[in-house]
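Novice: take this sequence and fold it.
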Amino acid sequence: MWIRARIAVTYARFVAFAREQSNDPYSLAVPDRPLGSAPGACTEDEPLAPGQPLRPGLAQRWIGRLRRSAVRGEGGLTALAVLVGAGAGAGAVAFRYMILGFTELFSGHHDYSSAGHAANPLVPGLGVFFVVLAPVLGGLVYGPLVARFAPEARGHGVPEVMLAVSRLGGRMRPQVPVVKSLASALCIGSGGSVGREGPIVQIGSALGSAAGQFTQVSESQLRLLVACGAAGGISATFNAPIAGVFFALELILRNFETRSFGLVVLSSVTADAIGRAAFGSHPFLSLPTFNFSSPVELVLYAGLGVIAMAVGLVFVRVLYVGEDMADRLWAGRPEWLRPAAGGVLLGLLLLAVPEMYGVGYPVLQWAVAGHYVVLALLGLLAAKILATSLTMWIGGSGGVFAPSLFMGAMLGSAYGMVVHHLLPHLAAAAGAYGLVGMGAVFAAAARAPITALLIIFELTGDYRIILPLMFAIVVATTLSNLVSGDTIYTLKLRRRGIDIDAPQHGGVMAQIKVSEAMGTLPRALSPQEPLQAVIARFATERADALPVIDGDGRLLGIVAATDLEQAIGQAEHQMDDASAADFLRAAPELRAHETLDDAVLALAGTDEEGLPVLASDSDRVVGWLTHRRLLRAYRARLRKST
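Specialist: Below is the predicted model:
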């Protein structure tokens, strides 16, 4: 008996301790049960429901332990980084097979860009004209999918990840990986001339965000997990773990802290191991090796850097200027139909230049190997700029990383042929310039010189190309920075009014919208409300100010309790016919889209405890903000960020 009593007392103390810790968001709530009963056991009052596990609290306890260890730095964040890397690697493998499957379905070939003007063996009656219908059919599937479930899946994906890290605390919607993978695979498989790297970055990042939100880590840790997912996606896709790490640090996190580096490396290595297990350890592209013959040749590579800068910026301008025109032309029409309608134009372009179908890696390899003449290379360069831009204009889903490498290969190979013809004893083989051009064009467009350098190095595995590659990339990046203030990624955000490079003045307060902190509006007064009713309302509400709203819902001002008391004390006998309109005071204008920095200034300019909040686009009153609610929102955000 005394043993059972001891157990019961111990369990009661455990229950009391758990209840005391209930304010801890990571503590596990313990349900009431009779003293002495085993955890997970059923009682007469609580029969076991059909399908209920015998130990219902076991999974929750493990989840709680993972959450606490992640937050307290007990190895949990490391485990999450490895888990995110594994998810990104598996996602990259699945995404690649999805693209291959849809390409076979829509074109009847493993990669139609290398098939020439071939017919689809699945529909031989259409001949080569099937390629006009393929983008239309693909658009009819992924257009409604994106419009209905995840509009942010449209486009190339990387800007949305950058926005999530810099402004949204790393939070991304959990449905993004599924929608993005399906939409991008359908788009590329049906002929969209875009890359798979941007989508897998968004997919891996969304997996990292979902894992972090599920385990309730802090905002700084959540951003780091998003970067881990991005690194894993690039690593598994290109078989390039080093480039994956620096892509995440240079473009997503935009810092090189030691702690960030270690976790991102773990994620990248894990993803690459999964990618190698699925596709082997050979380089992603089979490119020939080249020699750097003379230091004088650096002058020629500098010239390539200048031209690469121009091509990169032309691509960016064509992409976004055309997108503006397409938006104006399609205004007022359903967005879900846009990919299918625009797919007709894309199909006609593919009919003329089938090398633009999908990503086009075989064409890139042939160009670097010297299988095209100069005019053909320049034609493929112009066609790729148009095809990739057109895919984006019509609402397609895919990346711009691979297309920029394609453009660089065409440009560099053509440049190399010309200089080798003019200076045969000085210039190296044309393919060497093709490799350097790949890195230079991407560096000029994305302003990511470290990633551009490492991706070409890992694709070739040849250290001898490093010197001219570094020189051309630096020239292209420097000139691009002088000519344009935006990259192909940041310009998409700036066009939406978001400047992620702008300093965050005011810290935490500047990141919180008034709409996040405001409370419900107290029952408003009408202008005709009698004085006695106004006094009764103040007694009931226990507020020092109440809003006055007319019949159209517009704010006229506020009535302050202090004004009411002074007026009654000075002329009590004249107050019989008074109404709320006689005590109106103008209220500082505070809108829902403004930040808490603006709210502090507004509240500091009045003696009242709270102020009405107006809608962002009208004078309709939508809430009420007090000092207490402002401080509560500020404290909650501080807890999340730390």
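Novice: list the contacts of the nearest residue to Ser413 once chain neighbours are set aside.
Specialist: Closest residue to Ser413 apart from its sequence neighbours, by C-beta to C-beta, 6 or more residues apart in numbering: Gly434 at 3.7 Å. All C-beta atoms are positioned from the backbone trio N, CA, C, and that covers glycine. By C-beta atoms under 8 Å, 6 or more residues apart in numbering, the contact list for Gly434 reads Ala367, Val368, Gly408, Ala409, Met410, Gly412, Ser413, Gly416.
Novice: SS state for Gly434?
Specialist: For Gly434, the assignment made with DSSP: H, G, I helix; E, B strand; the rest coil gives helix.
Novice: state the distance from it to His420.
Specialist: Gly434 is 12 Å from His420, where distance means C-beta to C-beta, to the nearest Å.
Novice: over to Ala240?
Specialist: From Ala240 across to His420, the span is 29 Å (C-beta to C-beta).
Novice: with neighbour numbers in mind, choose between these two.
Specialist: Ala240 (25 against 20; other C-beta atoms under 10 Å).
Novice: quick one: residues contacting the more buried one.
Specialist: Ile234, Asp272, Phe284, Leu454, Ile455, Glu458, Leu459.
Novice: distance to Leu426, pLDDT and neighbour count added to those residues, as CSV?
Specialist: Formatted as CSV, these follow (distance: C-beta to C-beta, whole Å; pLDDT from 0 to 100; neighbours: other C-beta atoms under 10 Å):
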residue, distance to Leu426, pLDDT, neighbour count
Ile234, 36, 92, 31
Asp272, 38, 94, 27
Phe284, 31, 65, 15
Leu454, 28, 91, 22
Ile455, 28, 90, 27
Glu458, 28, 87, 18
Leu459, 26, 83, 21
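Novice: can you count the residues close to the nearest residue to Ala115 once chain neighbours are set aside?
Specialist: The shortest distance from Ala115 to any non-neighbouring residue, by C-beta to C-beta, 6+ apart, is to His109 (4.7 Å). By other C-beta under 10 Å, the residues close to His109 number 19.
Novice: is Leu555 in a helix, a strand, or coil?
Specialist: Assignment for Leu555 (three-state DSSP): strand.
Novice: tell me how far it lies from Pro612.
Specialist: 6 Å.
Novice: anything in contact with each of these two?
Specialist: Contact criterion C-beta under 8 Å, 6+ apart; residues shared by Leu555 and Pro612: Pro547, Ala587, Val621.
Novice: check contacts around the first one.
Specialist: Contact criterion C-beta under 8 Å, 6+ apart gives Leu521, Pro522, Ala524, Leu525, Leu555, Gly557, Ile558, Ala587, Pro612, Val621, Trp624 as the residues in contact with Pro547.
Novice: cutoff 6 Å now
Specialist: Applying C-beta atoms under 6 Å, 6 or more residues apart in numbering to Pro547 gives the contacts Ala524, Ile558, Pro612.
Novice: now render those residues as CSV, adding pLDDT, neighbour count and distance to Gly116.
Specialist: Shown next, in CSV, are the contacts of Pro547 (pLDDT from 0 to 100; neighbours: other C-beta atoms under 10 Å; distance: C-beta to C-beta, whole Å):
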residue, pLDDT, neighbour count, distance to Gly116
Ala524, 79, 20, 72
Ile558, 82, 26, 75
Pro612, 85, 25, 68
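Novice: out of the residues you listed, which are inside helices?
Specialist: Among the contacts of Pro547, none falls in helices (DSSP state H).
Novice: can I get the CA coordinates of stretch 370-388 in PDB?
Specialist: What follows is stretch 370-388, C-alpha atoms only, in PDB (Å, rounded to 0.1, in the frame of the first residue of the first chain):
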ATOM      1  CA  GLY A 370      31.900  23.400 -80.400                       C
ATOM      2  CA  HIS A 371      29.100  21.800 -82.400                       C
ATOM      3  CA  TYR A 372      27.500  25.200 -83.500                       C
ATOM      4  CA  VAL A 373      28.800  28.000 -85.700                       C
ATOM      5  CA  VAL A 374      28.800  31.600 -84.400                       C
ATOM      6  CA  LEU A 375      25.500  32.700 -86.100                       C
ATOM      7  CA  ALA A 376      23.700  29.600 -84.700                       C
ATOM      8  CA  LEU A 377      25.000  30.400 -81.200                       C
ATOM      9  CA  LEU A 378      23.900  34.000 -81.300                       C
ATOM     10  CA  GLY A 379      20.500  32.900 -82.600                       C
ATOM     11  CA  LEU A 380      20.100  30.400 -79.700                       C
ATOM     12  CA  LEU A 381      21.100  33.100 -77.300                       C
ATOM     13  CA  ALA A 382      18.400  35.500 -78.500                       C
ATOM     14  CA  ALA A 383      15.900  32.700 -78.700                       C
ATOM     15  CA  LYS A 384      16.600  31.700 -75.100                       C
ATOM     16  CA  ILE A 385      16.100  35.200 -73.800                       C
ATOM     17  CA  LEU A 386      12.800  35.400 -75.600                       C
ATOM     18  CA  ALA A 387      11.600  31.800 -74.700                       C
ATOM     19  CA  THR A 388      12.400  32.200 -71.000                       C
END
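Novice: which residues sit against it?
Specialist: Under the criterion C-beta under 6 Å, 6+ apart, residues 193-194, 315, 318, 349, 353, 356, 403, 406-407, 410-411, 413-414, 417, 430-431 lie in contact with stretch 370-388.
Novice: could you do stretch 307-316 as well?
Specialist: Residues outside stretch 307-316 that contact it (C-beta under 6 Å, 6+ apart) are Ile385, Leu411, Gly437, Ala440, Val441, Ala444, Ala445, Ala476, Leu479, Ser480, Ser484, Ile488.
Novice: may I ask which helix or strand of this protein has the lowest mean pLDDT?
Specialist: Ranked by mean pLDDT, DSSP states H and E, the weakest helix or strand in the chain is helix 2-20, scoring a mean of 40.
Novice: where in this structure is pLDDT low?
Specialist: Across the chain, the stretches falling below the confidence threshold (pLDDT under 70) are 1-74, 284-289, 502-507, 542, 567-576, 607, 640-642.
Novice: most centrally placed residue in it?
Specialist: Closest to where the C-alpha atoms of the chain average out (C-alpha atoms, centre = their mean) is Val161, at 2.1 Å.
Novice: wait, is that one part of a strand?
Specialist: No: going by three-state DSSP, the assignment for Val161 is helix, not a strand.
Novice: quick one: it and Arg447, what's the gap?
Specialist: Taking C-beta to C-beta as the measure, Val161 falls 16 Å from Arg447.
Novice: same question for His420.
Specialist: Distance, His420 to Arg447, using C-beta to C-beta: 30 Å.
Novice: next: Leu378.
Specialist: Distance of Leu378 to Arg447, given as C-beta to C-beta: 25 Å.
Novice: so those two - more neighbours on which side?
Specialist: Remark: of Leu378 and Arg447, Arg447 carries more neighbours, 23 against 16, as counted by other C-beta under 10 Å.
Novice: which SS class is Arg496?
Specialist: Here Arg496 is recorded as coil under three-state DSSP.
Novice: wait, I meant Asn291
Specialist: Judged by three-state DSSP, the three-state class of Asn291 is coil.
Novice: all strands of the stretch 251-400 of the chain, in order?
Specialist: Taking DSSP state E, counting those that start in this stretch as the criterion, the stretch 251-400 of the chain contains no strands.
Novice: repeat that for the chain.
Specialist: Taking DSSP state E as the criterion, the chain carries its strands at 545-549, 555-560, 584-585, 610-614, 621-626.
Novice: can you add distance to Ala604 and give these back as JSON lines?
Specialist: JSON lines is the format used below for these (distance: least, C-beta to C-beta, whole Å):
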{"stretch": "strand 545-549", "distance to Ala604": "15"}
{"stretch": "strand 555-560", "distance to Ala604": "16"}
{"stretch": "strand 584-585", "distance to Ala604": "16"}
{"stretch": "strand 610-614", "distance to Ala604": "11"}
{"stretch": "strand 621-626", "distance to Ala604": "13"}
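Novice: Ala134 is nearest to which of these?
Specialist: strand 621-626 (47.7 Å; C-beta to C-beta).
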